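Student: what follows is a predicted protein model with its sequence.
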Amino acid sequence: MTAGRAAVAGRMLEMASTVTPETTQQAVGYPTLFVLVILGALVPVVPTGALVSTAAVVAFHQTAWFSLLLVFGVGALAAFLGDVALYWLGQRGVRSKNGSRLLAALRGRAAPDHLEQARRKLNDHGVVVLVLSRLVPAGRIPVMLACLLGRMPLRTFVRGDIPACLAWAGAYGLIGILGGSLFDEPWKGVVVAVALTLLISGAPAGWRRVRRGRVAEGGSGG
């Protein structure tokens, strides 16, 4: 999954050096953004955060003042619909006697220790955890799986997922605005925004590798 995300992001960076504001707006139009964010909520190969940030960079350089609001609204709505669709499908798997491939796939994407941590936080803080899970890289699936296994009703999940998706779209939109404000040429801002989102999404995995290395060194030293 990580290799797939890196490949997609790499192609985005290759395209960034040749685009103009007009061609970028056509390539990352609102309908395309909507479809890709929904797809990314269902299939973790699409770097949805980078998509929203890229669209925000382009919108920042447009003359229409409401362009950024449209990016925010489209991104949040698409993320919400993708989450709800995935949760609804997951509920069908939980209710099924034989389970489902989707539920098994969700289990495979959530490390046991992360799932247990998500369960504890969900028990302690309720649906507020959904907001944090959307903002923390790789945090969405463990929390969603904990909600499914805890038999959280769809209505309750929706109530927590709305602010989660709004916060997520706002955070990655701000990254795009930051990248767009640094340069006069949009493609440079796109490069910065994509690099920042990749750095943020890869930080937890990098930290885990460093921590495992320290543990291994400590064990061998003892």
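Tutor: Received, thanks. Numbers count the residues shown, from 1 in each chain.
Student: quickly find the element holding residue 147.
Tutor: Using DSSP states H and E, residue 147 sits in helix 140-149.
Student: no, scratch that, I was asking about residue 166
Tutor: helix 154-182.
Student: who are the packing partners of that helix?
Tutor: Applying 3 or more C-beta pairs under 8 Å, 6 or more residues apart in numbering; DSSP states H and E, we find helix 154-182 packed against helix 48-60, helix 67-95, helix 128-135, helix 186-221. Glycine gets a C-beta too; all of them are placed from N, C-alpha and C.
Student: and of those helices, who's closest to residue 165?
Tutor: helix 67-95 (4.2 Å; C-beta to C-beta).
Student: which SSE is immediately downstream of that closest one?
Tutor: Next element after helix 67-95 (DSSP H and E): helix 101-108.
Student: contact partners of the next helix-or-strand element following that next one?
Tutor: As assigned by DSSP H and E, the chain's next helix or strand after helix 101-108 is helix 112-125. Contacts to helix 112-125, defined as C-beta atoms under 8 Å, 6 or more residues apart in numbering, come from residues 107, 110, 129, 132-133, 138-139, 142-143, 145-147, 149-150.
Student: farthest pair within those residues?
Tutor: Farthest-apart pair in these is 107 and 132; separation 21.1 Å (C-beta to C-beta).
Student: related to what we said a few turns ago, only whichever of the contacts of helix 112-125 are buried, select them in ChimeraX.
Tutor: Here is the ChimeraX selection string for the buried members of those, based on 16 or more other C-beta atoms under 10 Å:
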select :107,110,129,133,138,139,142,143,145,146,147,149
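Student: tell me the one of the contacts of helix 112-125 nearest residue 184?
Tutor: Nearest to residue 184 among the contacts of helix 112-125: residue 138, at 34.6 Å, using C-beta to C-beta.
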